[in-house]
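Peer 1: Sequence first, then the predicted structure:
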Amino acid sequence: MHGSLLWSKLENIGHFEKITRRHALLGLGCAAMSGGCGGWPGRRGPVRYPTRAPGTIDAHRGRLHEFRLPDWGTLRYVDEGRGPPVMLVHGVPTSSWLYRHVTHELIARGHRVIAPDLIGFGASDKPRNPELLTAGRQGDRLLQLASHLGIQKWTHVCHDAGGPWTWEMMEKSPNRVERLIVLNTIAYTEGWKPPLEMRVDGILSRNLRRALMSEVMGPTWTKLILKAGTTRRDLTRDPELVAGYWRSMPEGTANAVVSFMERLDEIEAALPRYQHTLRHFMGPACIVWGQDDTILRHREQVPMLQHALAIADPYVTVLPGVGHFLQEEQPHQLARSIADFARDTA
């Protein structure tokens with residue numbers, strides 16, 4: 001979605017709230033607002049995953065583990081299955097819910113899957129202080145989680161803002177990632193077209209935070225974000241799918257989203273450092289990218305990533321007719337690509 005369109009919508013937030021109230025009352029947001037946050041039993045170590053991916057956010061949250069971080073807050077995460085470990089890292093504004101179908105298939109293919117909700121997102125704790133949400137802090141938490149689980153090396157998958165968080169982690173501990181799989185993520189300015197750029201505590205920031213947290217407008221705005229990142233319009237007609245992404249917004253994820261959008265200049269300034277980290281990664285790597293992503297365009301991003309990581313052509317997959325959220329549009333093909341790459345490079 002173009003920034004000018006989002007800007008016009010946010011400028012008229014009061015009017016938008018009125019016209020969406022009827023839709024909310026008709027049930028658009030009802031599924032998203034039902035129930036609580038679910039339980040987090042605090043288990044340690046992998047367990048068997050159910051026979052199919054969880055169909056609701058409550059079911060998904062009910063299977064999460066928790067880890068009290070040394071710096072701040074509690075991080076909640078999926079840890080399921082048996083076999084070689086794979087860590088799946090989401091971006092903004094998503095969570096481990098994004099990978100629910102991929103997780104299920106990877107487990108069926110003989111992997112242990114770790115999928116965290118990074119601090120500020122999903123079921124994990126959500127600070128108001130933006131200094132707790134920097135890329136460096138998030139990268140540290142990925143390392144802390146792996147150490148907490150006793151995992152020294154793993155296959156690492158990153159998406160969207162999960163790229164910068166991963167590059168920070170790899171810069172600090174370059175030998176922990178055994179193999180790297182990059183999905184529509186941020187690594188270069190070329191081909192990166194953020195839908196919005198915000199000033200700290202500006203009008204646009206305040207209005208977006210208000211929109212995402214609103215019980216009336218929040219589910220609708222979440223649908224707009226998903227529509228902007230997918231080509232399959234049927235996906236956003238599933239109220240449980242939308243609820244999975246919106247549930248955490250009024251809990252505080254809206255603050256994390258706005259904080260990230262306000263700090264895009266910091267991410268951009270760090271890109272040369274991240275690119276140096278990528279060029280010096282010594283493990284095998286592959287790319288899976290949605291071709292129709294308008295935020296992270298494959299024509300610019302993919303060739304530069306392929307060159308930096310020295311990836312052979314067979315391990316670069318560009319999925320036609322797929323947008324930014326390829327985990328929703330092609331989860332089975334993505335899971336097969338991850339499992340096949342892990343097997344081929346074992």
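Peer 2: Nice, I can see it. Numbers count the residues shown, from 1 in each chain.
Peer 1: When you work out contacts or count neighbours from here on, use the C-alpha atoms and nothing else.
Peer 2: Noted.
Peer 1: Could you list the low-confidence segments of this structure?
Peer 2: Applying pLDDT under 70 to the chain picks out residues 1-51, 196-201.
Peer 1: Next one: residue 329 from residue 166, what distance?
Peer 2: 23 Å (CA to CA, to the nearest Å).
Peer 1: What helix or strand is the nearest residue to residue 93 once chain neighbours are set aside located in?
Peer 2: Spatial nearest neighbour of residue 93, excluding adjacent residues (CA to CA, 6 or more residues apart in numbering): residue 257 at 5.9 Å. Assessed by DSSP states H and E, residue 257 sits inside helix 254-262.
Peer 1: got the contact list for residue 116?
Peer 2: 75, 76, 77, 78, 88, 89, 90, 95, 96 (CA atoms under 8 Å, 6 or more residues apart in numbering).
Peer 1: got the CA positions of the host helix or strand of it in CSV?
Peer 2: Taking DSSP H and E as the definition, one finds residue 116 inside strand 112-117. Output of strand 112-117 as CSV, limited to C-alpha atoms (Å, rounded to 0.1, in the frame of the first residue of the first chain):
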residue,chain,number,x,y,z
ARG,A,112,12.7,-29.3,15.8
VAL,A,113,11.2,-25.9,15.3
ILE,A,114,11.8,-22.8,17.4
ALA,A,115,9.7,-19.8,16.5
PRO,A,116,9.9,-16.9,19.0
ASP,A,117,7.6,-14.0,19.4
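Peer 1: Could you tell me which residues within the following helix or strand past it count as buried?
Peer 2: Using DSSP H and E, the helix or strand that follows strand 112-117 towards the C-terminus is helix 135-148. For helix 135-148, the buried set under the neighbour-count rule, 16 or more other CA atoms under 10 Å, comprises 135, 136, 137, 138, 139, 140, 141, 142, 143, 144, 145, 146.
Peer 1: Redo the residues you listed as JSON lines? Include distance to residue 191.
Peer 2: Listed next are the buried residues of helix 135-148 as JSON lines, based on distance: CA to CA, whole Å:
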{"residue": "135", "distance to residue 191": "21"}
{"residue": "136", "distance to residue 191": "23"}
{"residue": "137", "distance to residue 191": "26"}
{"residue": "138", "distance to residue 191": "24"}
{"residue": "139", "distance to residue 191": "24"}
{"residue": "140", "distance to residue 191": "28"}
{"residue": "141", "distance to residue 191": "28"}
{"residue": "142", "distance to residue 191": "27"}
{"residue": "143", "distance to residue 191": "29"}
{"residue": "144", "distance to residue 191": "32"}
{"residue": "145", "distance to residue 191": "32"}
{"residue": "146", "distance to residue 191": "32"}
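Peer 1: now, the most widely separated pair of these?
Peer 2: 135 and 146 (17.1 Å; CA to CA).
Peer 1: ok so, going back, out of residue 329 and residue 166, which sits in the busier spot?
Peer 2: Neighbour count, other CA atoms under 10 Å: between residue 329 and residue 166, residue 166 has more, with 26 against 20.
Peer 1: Tell me if I'm right that that one and residue 141 touch.
Peer 2: No. Residue 166 is beyond contact range of residue 141, at 10.2 Å (criterion: CA atoms under 8 Å).
Peer 1: Work out for me the element residue 286 sits within.
Peer 2: strand 285-290.
Peer 1: can you tell me which residues contact residue 102?
Peer 2: 327, 331, 332, 334, 335.
Peer 1: helix or strand for the third one, which one?
Peer 2: Take DSSP H and E as the rule and residue 332 turns out to sit in helix 331-344.
Peer 1: Great, nothing more from me.
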